[in-house]
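> model this:
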Amino acid sequence: MIDLVIVGAGPAGLGAAISAAENRLEVCVIDEFVKPGGRLLGQLHEEPDGKWVNGIAEAQKHYERAIQLGVNIKCGVSVYDLKKLENGWCVYTTDKAIESKCLLLATGASETPIPVPGWTLPGVMSIGAAQIMGNVHRVKPGEKGVIIGVNVLSVAIARELQLCGVHIESILLPQPSLVSGNAANPEKMMASLLRLSHLAPSPLIRFGGKWVSPKLGARLYPKNGFKMWDIPIQLRKTALEILGENQVEGVRIAEISATGKVVSGTEKTVSADFVCIAGGLTPLSELAAVAGCSFCYVPELGGHVPLHNEFMQTNLTGLYVAGNITGVESAKVARAQGTVAGLAIARELNTLADHADEKIDAAIAGVIETRRHAIIQFQPGIEKAHTELHRRFYESRGETILN
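Next comes the predicted model:
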């Protein structure tokens with residue numbers, strides 16, 4: 001029986017593996033993808049200070065450090081079941097069953113699909129799939145595309161696709177439905193867009209983002225939208241249908257009011273050879289459910305998340321979580337959470353040396369600081385949501401948090 005199995009080789013999983021191995025734990029990391037790095041692999045962007053972030057290089061750096069520390073990383077291996085043992089966990093994989101004293105789930109997040117008429121045509125994909133094609137496999141998803149869904153993910157990846165030499169014709173909203181929910185509401189999406197205004201290349205948009213209310217902004221938003229990096233972001237247009245015979249050939253769109261109602265007589269078709277659907281992200285928590293974790297539904301964190309505390313402990317002995325499974329945030333926050341989890345597990349297994357509590361407290365403070373200074377916030381109120389989630393964890397155990 002080894003000390004720790006980590007499911008997920010993204011920033012959280014690798015961060016945890018490094019901090020655990022630095023404290024003398026025997027660690028095995030499992031990931032179903034053929035390369036370690038998780039969502040880091042698809043990231044390539046310029047930060048406001050002009051520094052470029054190359055996710056592949058970041059992932060390689062973390063991977064090399066983990067290997068140097070003796071971490072066993074198994075890629076191309078899937079986990080299909082978990083079983084609680086008397087003194088640990090058994091992780092069932094497509095390679096073999098592995099027993100460990102502790103288990104960390106760092107499975108990340110999955111994209112939320114939004115059904116659009118014609119979405120089964122070849123050339124329709126999720127926005128994350130397009131990112132992986134361009135940044136990881138170096139293959140263009142197409143020459144001219146339309147993105148359905150205005151959110152943090154779609155705007156950021158649209159810029160990355162542009163850097164791949166792809167023309168983005170438009171980023172616009174889906175039609176209102178039970179599935180699309182707020183994603184089809186111009187006022188709600190205006191609020192989301194205003195949280196990204198500090199990244200805009202235009203001083204006018206950056207200034208407006210500080211002073212314009214979402215409701216007023218949606219009503220004043222020009223029908224043809226604003227451009228960021230020469231990409232039209234159109235909150236007053238919606239995608240009615242994806243068109244094509246054997247593959248994507250275009251998208252039928254229409255103008256909408258500030259409340260999301262289609263304006264009759266405004267329909268037209270724009271040509272495109274691929275379409276990306278950006279429905280946002282949801283914590284990928286199926287394995288936590290299989291394990292028997294308690295869950296909480298927290299909209300600010302992306303949906304149902306395993307109940308856990310600030311040490312990344314769940315309500316099950318020896319089971320920890322870190323990264324986007326605990327709430328959709330940036331890779332930097334996930335990496336910081338992984339560090340906390342690795343240290344907390346080392347403390348549980350009595351290998352964390354002098355000043356253990358101080359080291360973990362410092363790491364927790366690092367998560368909070370990283371979250372507060374994150375360039376991109378997927379949802380408002382994330383910090384408060386985490387605090388409330390931790391309160392619920394202790395309440396479920398009959399304990400209270402002393403502020």
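> drop to CA atoms for contacts and neighbour counts, all remaining ones
Noted.
> against residue 256, how distant is residue 319?
In this structure, residue 319 and residue 256 are 48 Å apart, going by Cα to Cα, to the nearest Å.
> so where does residue 384 fall, helix or strand?
Assessed by DSSP states H and E, residue 384 sits inside helix 382-396.
> and residue 48, what pLDDT?
Looking at residue 48, its pLDDT is 65.
> my bad, residue 202
Per-residue confidence at residue 202 stands at 51 (pLDDT).
> need the next SSE after the longest strand along the chain, C-terminal direction.
Assignment by DSSP state E gives strand 231-243 as the longest strand of the chain. Sequence order places strand 250-255 as the next helix or strand after strand 231-243, per DSSP H and E.
> so where's the protein uncertain?
45-50, 192, 194-225, 401-403 (pLDDT under 70).
> show me what contacts the residue positioned nearest the centre of the chain?
For the chain, the residue nearest the mean C-alpha position is residue 328 (4.8 Å; Cα atoms, centre = their mean). Contact partners of residue 328, counting by Cα atoms under 8 Å, 6 or more residues apart in numbering, are 109, 281, 282, 283, 301, 302, 378.
> so the most far-flung residue of the chain relative to its centre is in which element?
In the chain, residue 265 marks the outermost C-alpha relative to the chain mean, sitting 37.9 Å out by Cα atoms, centre = their mean. Using DSSP H and E, residue 265 sits in no helix or strand.
> break down the stretch 151-300 of the chain into its strands, ranges please.
167-173, 226-228, 231-243, 250-255, 268-271, 274-277, 281-283, 295-298 (DSSP state E, counting those that start in this stretch).
> most packed of those strands?
Mean neighbours per residue, mean count of other Cα atoms under 10 Å, is largest over the strands of the stretch 151-300 of the chain for strand 274-277, with a mean of 26.
> about what we covered before: give me the contact list for the helix holding residue 384.
296, 298, 300-301, 307-310, 315, 368, 371-372, 400-401.
> what subset of those is buried?
Neighbour-count burial within the contacts of helix 382-396 applies to 298, 300, 301, 307, 308, 309, 310, 315, 368, 371; the criterion is 16 or more other Cα atoms under 10 Å.
> tell me where the stretch 301-403 of the chain has helices.
For the stretch 301-403 of the chain, the helices defined by DSSP state H, counting those that start in this stretch cover 331-348, 356-372, 382-396.
> adding distance to residue 140, write those helices out as a markdown table.
Below are the helices of the stretch 301-403 of the chain laid out as a markdown table (distance: least, Cα to Cα, whole Å):
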| stretch | distance to residue 140 |
| --- | --- |
| helix 331-348 | 24 |
| helix 356-372 | 33 |
| helix 382-396 | 34 |
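> can you tell me the distance between the two ends of stretch 38-52?
Across stretch 38-52, the terminal residues are separated by 19 Å (Cα to Cα).
> much appreciated, bye for now.
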